[in-house]
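Chemist: need a structure here:
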Amino acid sequence: MKLFPEASRGLANRIGIFVLLGILLLYLAVGISLDSIKRQVNHQAEIDSVQEVSQSFNSLQDQVRQFARDYNNWGDVYLAIINNDIDFISDNYGITAVNGDMFDGAVIYDGMLADPLAWVSNGTRAPQKSSLSISTLEQIRIGVDKLPKEGRATFDFAIINDNKLQLGSASRILPDTAEALSFVIPENLSIGVILRTITNEQISYIARNSNVTDLQITQVEKQSKTVMPIIGVDGTAFAYFHWLPPRPGSELLGLIAPIIGVIFVVIGSFGIGGARLLRNHAKSLALREEEASRLARSDTLTGLPNRLALKEYGERLDAKGTDDYAVILLDINNFKKVNDLAGHQGGDELIKDFSKKLRESVDSQIFIARVGGDEFVAVVKDSTHITELARHTVNIFMKATELCFNYHGLQFPIKSSYGIATKTVTSVAFDDLLGDADRAMYVSKNGTGNQVTIYNTDLDAKYAAERKIEEALRVAIGSPDELYMLYQPIVDARTMKLHSVEALARWNSSSLGPISPSVFIAIAEKSGLMVELGWVLLKKTLSDMQHREDLRVNINISPLQLLAPEFIPTLRCLLIEYEISPTRVEIELTENVFVSSCDIVRSQLHQLREIGITTALDDFGTGFSSIGYLQTMPFDTLKIDRSFVSGLGDNETLGNILRSIVSLGRTLGKSITAEGVETLYEAEILADAGCHYLQGYLFSRPQPLDQVLRPGADILPSSEPCVWRLRHALAG
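Modeler: Purely as a prediction, here's the structure:
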């Protein structure tokens, strides 16, 4: 007998209906939740794929940028362009593009070049016609002209060339030392363009590294796929990356779908299995993303954080409003010489060794990044004495890296230039601080050895003041009435007769007033105006001497002007134009000339001697010269610096040193001139020591030529009493 069978059946039906409804609601809830998760995960994966493709693409661009920094800051190539040495340029610049080892295209144009020089992979060593159109070269020129004047920035772009995507980086070709850099003439600078073709293998690598599929390059934007624009030389998008982004949400849903079916049979195991699967899959995706992010933010050579990582680190500091931190920018001195002598492999080994020593010398609290070929940035923070901490960190870096680098028997002493900028104002952004450190570092590069400069606003003021003087000097050179010459007599130490005069430059600016020669000459050397200024002053001197056939003249020449290929031919032409005998001219050079290429200096001095011009080594005893230099360099005269003359009456040791210098010079067969003679006693000691000639205020201050000794006279009229007493003293 059945009790309430209909009721039981109805209850069962109702329970069944409720269970069915519950199952349906569970399906609906789970379905909505899973679909929402799928969409969110897929959307985030699409966003991440854009970032990863962009970072991988930027990494390739960074490599091209680095090649451009290395090859366009190459002193020998800079000189080869000036000298029109196409073979050297092809053998050292173009051959890398021909071989296709690091880049497969290169173009050099503008400056001293009449036509562009170009090389391509698997082409000939001889330059070919540029594959870049005239309009493309013009766009690149516009981009390069907008680059900052300081530092080593490049203009980066992409183009479609021969139906292939090429990445390019361009900048002016400059010498690689701070000293030589200060002498360049902007109008003579050429533009170097480095090109690298993006191969199908590299596109596949980007796709694998970014976890995307069907990665393609098109010139039309497709709305159906994820897209990233590619920027051309004019700053606009001309092509696009398209791809199918990963769908981890869909993959995840497909993976757990069978489990969902089992869940409704075994609810408990669904929760455990599904959660575990979801967690493991999400963890795997997170690990892959983390690894891709790490690679995009790491320098491939050293493993240190790269420029992207530094940028993000600075943005985090700005976002947190962090104060009390300092940026240290350091640059390896003469790194180009290591590349020249040991090759790029040797340079890479040095960078890796240097980076390792930097990282191991300090704890992990100090952020260190490699931001260029031989440039590194360190950030120190969390200290109320941040300047002292930054100095202490620099000292640690110096001690850790100052040992010689040995590469296959070649040894290179490692010295670095450091710039420090500390954050003292909350509103100052990290990028501004980095720029301040960069300016301080380039001040350090003006010195030798390990140099440290701490940024302060005086650097800005000094820079602004020097810019005013530089601009006024450009005007004066273009209209040189403001520039004029004074002359100081040089007398025979025994007869007291006039032997010659030294031409000394003066400048009375119409806008700034009188400017000291020590100031405007230094600025001319830094700004690259020295050669142009040197020709203006030389022409003024020769013009003054044109009608004084009885007078010899000493002319100061900058080492950079001496090393210019056109110096000797131009000087010959000017002597002919002004009807000046070469035997009346003596060229004075400072000891800084030894910093330059000794072989070139020696050759130039021999050529001057061959045409009858004598040469003098000025300020002797205060710089770099040695007996070895004096024996091999054909100088005719040594001019003893005034520091050895001043105070002769009070310093017996100084007198002994001076006699030794004179004895050395006479032994080497040189004429000896002493500068800075101001007293009769000094003149007597110098004459007794064996000096041939004397120069100084005792005889005359620098003055216009019409006040210098008249032809045939023995003494300067203004100095007659003192010269008479001098003669009397020397005779006694």
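Chemist: Can you say which helix or strand has the nearest residue to residue 297 once chain neighbours are set aside in it?
Modeler: Computed as C-beta to C-beta, 6 or more residues apart in numbering, the closest residue to residue 297 that is not its neighbour in sequence is residue 309, at 3.9 Å. Any C-beta I mention is one placed from the backbone N, CA and C, and that applies to glycine too. Following DSSP states H and E, one finds residue 309 within helix 307-320.
Chemist: Quick one: mean pLDDT for that helix?
Modeler: Mean pLDDT, computed over helix 307-320, is 90.
Chemist: Also stretch 376-393?
Modeler: 88.
Chemist: Going by neighbour count, list what's buried in that stretch.
Modeler: 376-381, 386, 389-391, 393 (16 or more other C-beta atoms under 10 Å).
Chemist: Please list the members of those that lie in strands.
Modeler: 376-381 (DSSP state E).
Chemist: can you tell me which residues contact the residue nearest to residue 583 when sequence neighbours are not counted?
Modeler: Using C-beta to C-beta, 6+ apart and skipping residues adjacent in sequence, the residue nearest residue 583 is residue 612, 4.7 Å away. Counting by C-beta atoms under 8 Å, 6 or more residues apart in numbering, residue 612 touches 581-583.
Chemist: between those residues, which is nearest residue 295?
Modeler: residue 582 (65.4 Å; C-beta to C-beta).
Chemist: Check the contact between the closest one and residue 613; I expect there is one.
Modeler: Yes: contact criterion C-beta atoms under 8 Å: residue 582 and residue 613 qualify, at 4.8 Å.
Chemist: Which of those two has more residues huddled nearby?
Modeler: residue 613 (22 against 16; other C-beta atoms under 10 Å).
Chemist: how near is the more buried one to residue 586?
Modeler: Per C-beta to C-beta, to the nearest Å, residue 613 is found 7 Å from residue 586.
Chemist: Residue ranges in the stretch 1-150 of the chain under the pLDDT threshold?
Modeler: With pLDDT under 70 as the threshold, the stretch 1-150 of the chain has low-confidence stretches at 1-20, 23.
Chemist: So which residues of it form helices?
Modeler: Secondary structure of the stretch 1-150 of the chain by DSSP state H, counting those that start in this stretch: the helices cover 5-72, 75-82, 86-89, 95-99, 134-145.
Chemist: circling back: between residue 582 and residue 613, what contacts are shared?
Modeler: Contacts common to residue 582 and residue 613, judged by C-beta under 8 Å, 6+ apart, are absent.
Chemist: Work out for me the element the residue nearest to residue 583 sits within.
Modeler: In the assignment (DSSP H and E), residue 612 maps to no helix and no strand.
Chemist: among the contacts of residue 612, which are in helices?
Modeler: Residues of the contacts of residue 612 located in helices (DSSP state H): none.
Chemist: okay if I get those residues as a markdown table plus pLDDT and distance to residue 52?
Modeler: Below are these laid out as a markdown table (pLDDT from 0 to 100; distance: C-beta to C-beta, whole Å):
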| residue | pLDDT | distance to residue 52 |
| --- | --- | --- |
| 581 | 94 | 74 |
| 582 | 95 | 69 |
| 583 | 95 | 74 |
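Chemist: Would you mind giving those residues as a markdown table with distance to residue 236 added?
Modeler: Below are these laid out as a markdown table (distance: C-beta to C-beta, whole Å):
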| residue | distance to residue 236 |
| --- | --- |
| 581 | 63 |
| 582 | 60 |
| 583 | 65 |
